[in-house]
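In: Give me coordinates for this.
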Amino acid sequence: MDKELIQQLFANNNLTEASLLLKAGADDNDPWALYMLGRIAWKEGRKSDAISLYTAAANIDSSSEAAVALEQTRDIMDFYNKDLYNP
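Out: Next comes the predicted model:
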């Protein structure tokens, strides 16, 4: 699996190609692949899928990038601004 190529595809918004390469070249226990699939899902608007993938990757390696992404994702999802609601 060529991580640089996958990151380049992701940066250029070739998400389908990056996803196919990740799924073809990685096993289910590769935290980096799960993390990248999560980033792709988030970028595509599939937030619940992204959280699931980040969680799976963080369970495999708690010091991975996925653990940080999971924490940031939870912060985003937990954000509540009461000023946006007018009762």
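
In: Need phi/psi at Asn12.
Out: The phi/psi pair for Asn12 (degrees, to the nearest 10) reads phi -90, psi 10.

In: Tell me which residues touch it, please.
Out: Applying Cβ atoms under 8 Å, 6 or more residues apart in numbering, we find Asn12 in contact with no residue. Quick note: C-beta positions are derived from backbone N, CA and C, even for glycine.

In: State the pLDDT value of it.
Out: If you check Asn12, the pLDDT there is 95.

In: How about Ile60, nearest residue that isn't a chain neighbour?
Out: Pro31 (4.5 Å; Cβ to Cβ, 6 or more residues apart in numbering).

In: List the contacts of the one you found.
Out: Applying Cβ under 8 Å, 6+ apart, we find Pro31 in contact with 57-58, 60-61, 64, 66.

In: now Leu21
Out: 1-2, 5-6, 9 are the contacts of Leu21 under Cβ under 8 Å, 6+ apart.

In: State the pLDDT value of it.
Out: 91.

In: now do the one 10 residues further on
Out: Among the per-residue scores, Pro31 holds a pLDDT of 91.

In: Can you name the residues in contact with the helix or strand encompassing Ala56?
Out: Using DSSP states H and E, Ala56 sits within helix 47-60. Applying Cβ under 8 Å, 6+ apart, the contact partners of helix 47-60 are 29, 31-32, 34-35, 37-39, 41-42, 64, 66-67, 69-70, 73-74, 77.
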